[in-house]
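Enquirer: Requesting a structural model of the entry that follows:
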Amino acid sequence: MALGTLVKALQNIMRKDAGINGDAQRIEQMTWMFFLKVYDAKEEEWEFHDDSYESVIPEELRWRSWAVDSKDGEALTGPELLDFVNNRLFPGLAGLDLPEGAPLSQVIVRQAFTDANNYMKDGVLLRQVVNAIDDAVDFTEYKERHAFGEIYETILKDLQSAGNAGEFYTPRAVTDFMARMVDPRLGESVADFACGTGGFLTSALKLLEEQVETPADREVYSRSVYGMEKKQLPYLLCVTNLLLHDIDQPRIFHGNSLDRDVREYRHEPDGLFDVVLMNPPYGGSENDAIKNNFPVALRSSETADLFLALILYRLKEHGRAAAIVPDGFLFGSDGAKVELKRRLLEESNLHTIVRMPQSVFAPYTSITTNILFFENGRPSEGVWFYRMDMPEGYMHFSKTKPIRLEHFDPVIEWWNNRREIDEDDHPKAHFYTPEELKEGGYNFDLCGYPHEEEEILPPDELIKNYKAERERLDAEIDARLSEICSILGIEL
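Expert: Here you go, the predicted model:
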């Protein structure tokens, strides 16, 4: 089967199955099978290079034992295949008995199936999907494995239109741009504490791969990235993604990065990183037990705020970070947001904020987002704000017209030759001193968009946007009121 038609063919087969409802479940169904297929190919490599290698997976549960159809009538199908997958494969992999200190290449198998699901109810259709995957790509062939990377990217992009699953995927153009600007070097550690499908990590790996020249460099490369993901589907996608990038021991963990006192990391060098690239989840909230893992001044009901605080605690001295935040963070005036912005200015050399246009994350969300670039260990000398406008000919981004890396070319050109820019009496790029930002009440809503295109949005998006606009106006009114009271000598 041609690689270009693989994903569509798989989705068409699964649409006939009564157990699968929607694109998100179809993607999850494909993902656990791709994982086992890729893992089996990696095991062939490990066996070839090490005669003593023994699989952690029981022989009957290995892909080569049950999934490969030799066309001799012996392959499991129908009710027998369904029974095997539901009652032996999934429980067997989720319950693997691993010794303490087992290598990550073994741990990821158990973690991958701890919360995984088989949604298909028709064993004949399941056999058709398994055969299509097994016949499509020979992962032991280097060229085919890397050609499959394009198909895997198609699966990840499909997440954006798969309901809430879209929250796990950041457009590749954005991850590539951020990684390029932060410029990780071989020997540095790169982390994403809510890594989703691994987009930031693989963007960093592409840059690190170019620096590999010796076998020793390859060893350093293989230990370069770290990630943690709370939800099962993106975790499994991420692990498979890294295996495809020849990371045999992926340091990717299934859990909540916020579920620990952040102050402890300052005493653990292994918990600190040279580079952090992140799109922290926003719009969510954590319970009080999670908030208690942060100093009182940084406790927030907004998940994105907590992750930003986590970055501050887990960056090494002189470490570099790029993080995406919604507009609400820029103009937010609650205690945690103001304290975060104060620390970014006074302790973490916040030096650049790139304001991205609406619809970068469409169709998942139309909330406007921004990229913060900062470094740990010294105060900011001032912050450059740059407004990234829509490319010529675009009203908005969409699934069929997504943001591309070349759309960042004007940003990169400006980045390397910084200057203030005004367009139609509105600042497009401007430098603000720390004093100016402090005097403005830490309102970072600067170099914004002078004209918003009116767009008909779903009710939930309208509500989110109205709430964000109300917060922005409240912050602006509070700042003006505080300024007036200060002039008049009146206490609020």
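
Enquirer: only C-alpha atoms for contact and neighbour calcs from this point on.
Expert: OK.

Enquirer: need the longest strand for this protein.
Expert: Using DSSP state E to define each element, the chain has its longest strand at strand 315-326.

Enquirer: which element follows that one toward the C-terminus?
Expert: Using DSSP states H and E, the helix or strand that follows strand 315-326 towards the C-terminus is helix 327-331.

Enquirer: Direction included, what does the longest strand of the chain pair up with?
Expert: Partner strands for strand 315-326, per DSSP bridges, with pairing direction: strand 273-278 (parallel), strand 369-375 (antiparallel).

Enquirer: Show residues contacting the last one.
Expert: In this case it means strand 369-375. Residues from elsewhere that reach strand 369-375 (C-alpha atoms under 8 Å, 6 or more residues apart in numbering): 182, 318-327, 344, 348-358.

Enquirer: So which elements touch the next helix or strand along the chain from that strand?
Expert: Per DSSP H and E, the first helix or strand lying C-terminal to strand 369-375 is strand 383-387. In terms of contacts (3 or more C-alpha pairs under 8 Å, 6 or more residues apart in numbering; DSSP states H and E), strand 383-387 is packed against strand 352-355, strand 426-432.

Enquirer: Show me what the last one is in contact with.
Expert: This means strand 426-432. So strand 426-432 is contacted by 382-388, 419-422, 447-448, 450 (C-alpha under 8 Å, 6+ apart).

Enquirer: filter the residues you listed to the buried ones?
Expert: Among the contacts of strand 426-432, those classed as buried by 16 or more other C-alpha atoms under 10 Å are Gly382, Val383, Trp384, Phe385, Tyr386, Arg387, Met388, Ile421, Cys447, Gly448.

Enquirer: ok, what's across the strand from the fourth one?
Expert: Beta-bridge partners of Phe385, counted by DSSP bridges, are Ile353, His430.

Enquirer: Hmm, Leu437 and it touching each other?
Expert: No: with contact defined as C-alpha atoms under 8 Å, Phe385 and Leu437 do not form a contacting pair (11.7 Å).

Enquirer: In stretch 65-79, which residues are buried?
Expert: Buried-residue list, stretch 65-79, by 16+ other C-alpha under 10 Å: Trp66, Ala67, Val68, Asp69, Leu76, Thr77.

Enquirer: Look up the closest residue to Lys37, ignoring the ones flanking it.
Expert: Leaving out its chain neighbours, the residue that sits closest to Lys37 by C-alpha to C-alpha, 6 or more residues apart in numbering is Trp63, at 6.2 Å.

Enquirer: Where do the helices of the stretch 101-250 of the chain begin and end?
Expert: 104-114, 123-136, 142-159, 172-182, 199-209, 215-222, 232-244 (DSSP state H, counting those that start in this stretch).

Enquirer: how close does Lys358 sit to Gln232?
Expert: Not Lys; residue 358 is Gln. Per C-alpha to C-alpha, to the nearest Å, Gln358 is found 29 Å from Gln232.

Enquirer: likewise Ala67?
Expert: Taken as C-alpha to C-alpha, the span from Ala67 to Gln232 is 23 Å.

Enquirer: Ser105 too?
Expert: Ser105 is 17 Å from Gln232, by C-alpha to C-alpha.

Enquirer: same deal with Ser348?
Expert: For Ser348, the distance to Gln232 - C-alpha to C-alpha - is 33 Å.

Enquirer: before we move on, what about Ala179?
Expert: Taking C-alpha to C-alpha, one finds Ala179 at 25 Å from Gln232.

Enquirer: what does Gln211 give?
Expert: Distance from Gln211 to Gln232, counting by C-alpha to C-alpha: 32 Å.

Enquirer: Cool, thanks, signing off.
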